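Student: quick one, what's the 3D model for this:
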Amino acid sequence: MTPEQPTGSAAEADPAPAESLIDVQGLTVDFPTGEETVRAVDDLSFRLTAGQALGIVGESGSGKSTVAAALLGLHRGTGARLTGTVRVGGIDVGTASVRELHRLRGGTAAMVFQDPLSSLDPYMAIGDQIAEVHRTHAPHVSRRSARERAVAVLDRVGIPDAARRSRSRPHEFSGGMRQRALIAMALACDPRVLVADEPTTALDVTVQAQILDLLHDLRTETGMGLVLVSHDLGVVAGSVEDMLVMRGGRAVERGPVGTVLSAPQRPYTRELLAAVPRVETRRVPVASTAVPSSASGGDVLLEAVEVRREFGRRKDRTVAVDGVSLTVAQGETLGVVGESGSGKTTLGRMLVRLLEPSGGSVRYGGRELTGIHSDLQMVFQDPVSSLNPRRSIGESVADPLRAAGTLTDAEITRRARELLERVGLDPRWYHRYPHEFSGGQRQRVGIARALAPGPKLVVCDEPVSALDVTTQAQVLDLLAELQRDLGLALVLIAHDLAVVRHASDRVVVMRQGTVVEEGPADTVYDAPQNPYTKALLAAVPVLDPAEAALRRAARRSADSGVLRAAAR
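Tutor: From the prediction side, this is the model:
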């Protein structure tokens with residue numbers, strides 16, 4: 001297929017800006033892999049001027065992160081082959097000396113990586129890591145001054161009690177705080193441009209809104225440029241002025257973000273927009289709209305009664321779930337939403353008995369559930385860590401069948417291949433390993449494994465949180481199809497409120513281990529009663545840049561009101 005030509009791209013005789021922080025011309029990146037060569041980026045050109053924000057969007061494998069790494073010369077010294085030119089702050093990244101690259105990284109440009117936990121040293125205090133970066137680029141600075149600088153930038157990115165928390169290690173920070181710490185590290189040397197690669201992936205909507213507001217404020221205060229790489233079009237819509245859409249390593253469309261989102265010119269851009277789940281709409285429910293009652297007992301498949309889960313002992317005890325009661329009917333989808341730390345995952349694990357409740361009870365089919373039951377299965381958030389890398393995907397799917405002990409080896413293999421095909425994977429891939437698949441394909445393997453015992457209910461814990469919008473839509477459609485064909489009940493745990501509305505019949509909203517609101521999806525989303533539910537919905541990214549700006553202003557106003565009340 002002939003690649004689509006970009007609209008509004010630098011290839012169309014862009015007028016030379018007054019000052020180009022980034023100037024990319026004809027960038028091509030090839031990765032040799034054995035006898036083949038994979039072209040990750042193909043003849044890409046764009047510019048970024050001082051103070052401008054550019055969003056780069058596309059599916060997994062479109063080349064977004066490869067471009068981000070090329071801007072800081074991170075492909076140098078690897079097997080990657082680059083052609084074309086990349087100039088950042090006037091420095092040609094391809095021909096720059098090691099010393100010039102050293103000055104560029106952190107000084108002129110800085111990068112915020114997708115996973116802060118893997119980017120931070122687990123053995124060093126956060127403040128020491130930031131101070132080390134500062135002294136690396138300013139060796140004349142004393143240790144004390146570097147330490148003071150670390151505290152100052154942590155305070156700048158909104159870390160409370162920055163002087164004390166600077167002595168904390170990464171595992172003592174929440175996901176949102178770790179991302180703020182990584183941004184603080186990037187700001188240590190006052191870079192002129194910040195490259196942020198998926199900085200809000202897997203964060204809940206309120207923390208995501210805080211990080212995006214922080215990036216907006218930093219741009220306003222410092223005038224720095226921003227390159228925001230994301231698969232989430234809602235994140236990009238409210239954060240940048242210009243937008244570049246990539247597919248297969250090529251630019252297919254570029255222009256002002258409002259224009260691209262409201263009047264896309266290319267079919268691929270329209271496909272991306274059509275795949276975005278909207279918080280204001282939902283699919284036709286699979287189950288009956290009647291809300292089941294544990295008292296009636298008729299259609300209720302699973303019931304949790306005042307379940308509670310504690311971790312730790314005595315003074316260090318944490319109550320993760322505190323007296324939650326809910327029901328799941330046959331064939332329905334129950335959505336569970338809330339911020340990180342609200343108890344969603346702990347609740348899901350108790351429902352399938354991977355965790356024992358500290359109190360209360362879980363009943364399946366009207367009987368007390370006292371152990372793991374083959375009718376109750378779970379799809380985990382991270383298919384990479386939940387699949388054995390040393391076993392083929394076919395063997396992973398076959399394991400539950402083998403554990404049942406009722407089938408021959410030939411029957412197990414045949415059934416595992418049928419399950420792979422059922423979830424949209426080629427059964428000939430039976431002997432391939434997890435690292436040979438994309439994120440969406442690995443999630444399909446996890447779903448196939450959960451289906452192997454023939455369950456009645458499947459708990460899906462953040463099954464699409466790190467997937468791009470088209471893959472996300474495919475996985476959600478797959479779950480809906482399986483539910484319809486097999487009569488499954490689903491418990492969908494997610495921090496993405498749009499995903500939950502798209503897929504759920506009923507919704508439970510959790511906060512700090514308790515249920516604050518529940519009911520039919522339409523009722524909870526269209527007429528929320530609890531202030532916390534309203535706050536969650538207000539933080540959901542929108543595809544209209546003007547609406548995103550209004551929501552940011554409203555959050556500013558609300559924050560100011562809280563501060564004034566605290567001062568009184």
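Student: sec struct for the nearest residue to residue 529 once chain neighbours are set aside, please.
Tutor: Leaving out its chain neighbours, the residue that sits closest to residue 529 by C-beta to C-beta, 6 or more residues apart in numbering is residue 517, at 6.1 Å. The C-beta positions use only the backbone N, C-alpha and C, and glycine is treated the same way. Here residue 517 takes the strand state, with states given by DSSP: H, G, I helix; E, B strand; the rest coil.
Student: ok, now the one 5 residues further on?
Tutor: Of the three states, residue 522 takes helix under three-state DSSP.
Student: hmm, back to that, what's the residue nearest to residue 529 in contact with, if anything?
Tutor: With contacts defined as C-beta atoms under 8 Å, 6 or more residues apart in numbering, the neighbours of residue 517 are 508, 509, 524, 528, 529, 530, 532, 533.
Student: the first one belongs to a helix?
Tutor: No. Secondary structure assignment places residue 508 outside any helix; it is strand (three-state DSSP).
Student: not counting residues beside it along the chain, what's closest to it?
Tutor: Nearest one to residue 508, counting by C-beta to C-beta, 6+ apart, is residue 518 at 4.5 Å.
Student: do the same with the second one
Tutor: Of all residues beyond its chain neighbours, the one nearest residue 509 is residue 517 (4.3 Å), with distances taken as C-beta to C-beta, 6+ apart.
Student: distance of that neighbour from residue 419?
Tutor: 37 Å (C-beta to C-beta, to the nearest Å).
Student: just residue 542 next, same as before
Tutor: 38 Å.
Student: compare the two and say which is more crowded by neighbours.
Tutor: Using other C-beta atoms under 10 Å as the criterion, residue 542 and residue 419 rank with residue 419 on top: 24 against 19.
Student: my guess is the more buried one contacts residue 397. True?
Tutor: Yes. Using C-beta atoms under 8 Å, residue 419 is in contact with residue 397, at 5.4 Å.
Student: between those two, which contacts overlap?
Tutor: Between them, residue 419 and residue 397 share the contacting residues 448, 449, 452, judged by C-beta under 8 Å, 6+ apart.
Student: wait, which of those is closest to residue 231?
Tutor: residue 448 (23.8 Å; C-beta to C-beta).
Student: next one: that closest one, what pLDDT does it get?
Tutor: For residue 448, the pLDDT comes out at 95.
Student: that one sits in which helix or strand?
Tutor: helix 439-451 (DSSP states H and E).
Student: next helix or strand past that helix?
Tutor: Helix 439-451 is succeeded, C-terminally, by strand 457-461 (DSSP H and E).
Student: and that next one, what does it pack onto?
Tutor: helix 344-351, strand 376-379, helix 439-451, strand 489-493 (3 or more C-beta pairs under 8 Å, 6 or more residues apart in numbering; DSSP states H and E).
Student: what helices and strands are in contact with the third one?
Tutor: Helices and strands touching helix 439-451, as assessed by 3+ C-beta pairs under 8 Å, 6+ apart, comprise strand 376-379, helix 383-386, helix 393-404, helix 409-422, strand 457-461, helix 469-486.
Student: can you show me the helices along the stretch 101-250 of the chain?
Tutor: Ranges of helices within the stretch 101-250 of the chain are 116-119, 126-137, 143-156, 162-165, 175-187, 205-222, 233-237, based on DSSP state H, counting those that start in this stretch.
Student: ok now the third one, how far from the chain's centre?
Tutor: To tie it back to what came earlier, the one meant is helix 143-156. Chain-centre distance of helix 143-156: 29 Å, with C-alpha atoms, centre = their mean, to the nearest Å.
Student: what comes into contact with it?
Tutor: Helix 143-156 has contacts (C-beta under 8 Å, 6+ apart) with 126-128, 130-132, 134-135, 138, 141, 162-163, 165-166, 180-181, 184-185, 187-188, 218.
Student: show the buried residues in the residues you listed.
Tutor: Buried residues within the contacts of helix 143-156, counting neighbours by 16 or more other C-beta atoms under 10 Å: 126-128, 130-132, 134-135, 141, 162, 165-166, 180-181, 184-185, 187-188, 218.
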